[in-house]
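J.: Quick one, what's the 3D model for this:
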Amino acid sequence: MAIKKQYLKSKPVCKVTFTVPAEEAKKVAVVGDFNNWNPKGSLLKKLKNGTFKGTFDLPKENSYEFRYLVDGSYVNEAEADRYQWNDYAGAENAVLEV
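T.: You can find the predicted model right below:
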């Protein structure tokens, strides 16, 4: 798994690309507090090599809790900036700092 951040000089946003290797998966989405934890509209595209990838514009100077939703199961990003305990989920969420 990987996260790539590209800061734009012209806008106060960061283009964040999420990459998830999941050859056996049918659907992968990135959900977090930047999209109200809604997988609709945040599905990643499956590439020919079996990797799922997607890019989202997120406002800069914020931190976001997020997780991947891989075929209905939540998975954390190994390369997250940090982790945050979430009482609602009863687990740690990955945190993205942009």
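J.: Give me the distance between Tyr68 and Gln84.
T.: Applying CB to CB, to the nearest Å, the value for Tyr68 to Gln84 is 16 Å. No exception for glycine: its C-beta is placed from N, CA and C like everyone else's.
J.: Neighbour count: those two, which is higher?
T.: Neighbours per residue, other CB atoms under 10 Å: of Tyr68 and Gln84, the larger number sits with Tyr68, 24 against 11.
J.: what secondary structure does that one sit in?
T.: strand (DSSP: H, G, I helix; E, B strand; the rest coil).
J.: quick one: it from Asn93, how far?
T.: Between Tyr68 and Asn93 the computed distance is 11 Å (CB to CB).
J.: Now do stretch 82-98: distance to the chain's middle.
T.: Computed by CA atoms, centre = their mean, to the nearest Å, the chain-centroid distance of stretch 82-98 equals 12 Å.
J.: what comes into contact with that stretch?
T.: By CB atoms under 8 Å, 6 or more residues apart in numbering, the residues outside stretch 82-98 that reach it are 3, 5, 7, 14, 16, 32, 58-67, 74, 76-77, 80-81.
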